[in-house]
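Peer 1: show me how the following folds:
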Amino acid sequence: MNKVVIFGVGLIGGSFARALKQAGAARSVVGMDRSPASLQRALELGIIDVAGSDIAGAVRDADLVLLAAPVAQTGNILAALLPHLGPRTVVTDAGSTKGDVAAAARAALGEKLGRFVPGHPIAGRETNGPDAAIPNLYQGKKVVLTPLAENAEADVELVAAAWRACGAVIHRLSPEEHDKVFAAVSHLPHLLAYALVDDIAHKPHADLLFQYAASGFRDFTRIAGSSPEMWRDISLANQAALLTELDAYLAQLTTLRAQLAAGDGAALEAVYGNARHARERWIATIEAAEAPPAQDKAE
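Peer 2: Alright, predicted model coming up:
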C-alpha cells in the first residue's frame, strides 16, 4: 500500500502502523488524532511518517484508513470522511463492538457504505498511548472481520491482507455474532474487573486490602488498567448483549452464594472443578494452535 491513514495513534492504531512499517507493507503512514500531543509523540517515535492536519489532505489518495478511536466517535469520523473518500480508498475500524459500528456506518456513509469493512483485532495491553505501541502486538492474534453485504470481496481482502502483514490470523463473524461472543468473553470480564477494584477502593480499609493483594488479584484485575473512556463506550454500545451476560453471571453468583451459605462443599467443588477443566481445555486448544509445525524427520 502506498498510503495508510490511521485515526487514533495510541496502542491499537500505533501498533498497526508499527507492524505495517516493519513488514514493509505501507510506504507512508499518516496519523490523525484529537490529541496534538499524541500525534507529535507518534511522529517523534517514528510510528507515523506524517501528522495530518486536515481530513481532506490526510485521506487524499489513501489506500486504507483505519479508525482506532473510541467506538462512540465512529459515526462522526465516518461522516467527516465521506466527502473526501477517493474511488479506491477502503475504510476499516478496530472497535470492540460491531453492531453499533455497522449502524453508524450505514447512517453516515449512505451509498458509500460498501467502502467500510468492520473489524476487531483481539489484542491489547493495559497501557495506552503512542508509547505503548509495539510492532508485534498482533503477531499470532485473531482479527475478526464482520463484512457487510455491501462490501466487495476485494475490499475485504485488502483489509485482511493488511492485518495478515501485521502477523494476525483472520476470522469472520456477522456483527451480531461478534457482539454476543465478545459480551461473554471480553466485555463482561472487563466490567467485573472494574467493579471489583472499584468496590475495594471504596472500602474504609482499602489501603490495607491493597497492601496484601498479591499476584492473583493483580492478574484478575489487570484489564481494569485499560482506558475507562473506551470501556464506557464499549459497555454502552453492546448494552443488550452485555446485560444478558451480566444477568446470567448474577444468577451464577446467586447459586454460589446459596451453596456457600448452606456449607455445601461438594456443590462448590463441582463448580470449581468444572471451571478448572474447561479452562484447561481452552488453554490446551490455544497451545495446540500456537505450536510450531512438526519438522520433517528427513530434514
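Peer 1: can you map out the strands along the protein?
Peer 2: Here the chain has its strands, by DSSP state E, at 3-7, 28-32, 50-51, 64-67, 90-93, 116-117, 119-121, 142-145, 169-172.
Peer 1: and the second one, what does it pack onto?
Peer 2: Using 3 or more C-beta pairs under 8 Å, 6 or more residues apart in numbering; DSSP states H and E as the contact definition, the elements that strand 28-32 packs against are strand 3-7, helix 11-23, helix 36-44, strand 50-51, helix 55-59. From N, CA and C alone the C-beta is placed, and that goes for glycine too.
Peer 1: need those in CSV (columns: mean pLDDT and distance to residue 171).
Peer 2: Formatted as CSV, the helices and strands packed on strand 28-32 follow (pLDDT from 0 to 100; distance: least, C-beta to C-beta, whole Å):
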stretch, mean pLDDT, distance to residue 171
strand 3-7, 98, 22
helix 11-23, 97, 17
helix 36-44, 96, 28
strand 50-51, 96, 32
helix 55-59, 95, 28
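Peer 1: export those to JSON lines and tack on mean neighbour count and distance to residue 106?
Peer 2: Shown next, in JSON lines, are the helices and strands packed on strand 28-32 (neighbours: other C-beta atoms under 10 Å; distance: least, C-beta to C-beta, whole Å):
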{"stretch": "strand 3-7", "mean neighbour count": "26", "distance to residue 106": "19"}
{"stretch": "helix 11-23", "mean neighbour count": "25", "distance to residue 106": "23"}
{"stretch": "helix 36-44", "mean neighbour count": "17", "distance to residue 106": "29"}
{"stretch": "strand 50-51", "mean neighbour count": "17", "distance to residue 106": "31"}
{"stretch": "helix 55-59", "mean neighbour count": "17", "distance to residue 106": "20"}
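Peer 1: looking at those, which is nearest to residue 261?
Peer 2: With C-beta to C-beta as the criterion, residue 261 lies closest to helix 11-23 of the helices and strands packed on strand 28-32, at 42.9 Å.
Peer 1: could you export the closest one as CSV, CA atoms only?
Peer 2: The C-alpha trace of helix 11-23 is given here as CSV (Å, rounded to 0.1, in the frame of the first residue of the first chain):
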residue,chain,number,x,y,z
LEU,A,11,-1.8,1.4,21.4
ILE,A,12,-4.1,-0.1,18.7
GLY,A,13,-3.5,2.3,15.8
GLY,A,14,0.1,2.8,16.7
SER,A,15,0.8,-0.9,16.9
PHE,A,16,-0.9,-1.4,13.5
ALA,A,17,1.3,1.3,12.0
ARG,A,18,4.5,-0.1,13.5
ALA,A,19,3.7,-3.6,12.3
LEU,A,20,2.9,-2.5,8.7
LYS,A,21,6.1,-0.5,8.5
GLN,A,22,8.2,-3.3,9.9
ALA,A,23,6.6,-5.7,7.3
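Peer 1: quick one: low-confidence parts of this structure?
Peer 2: The chain contains residues with pLDDT under 70 at 291-299.
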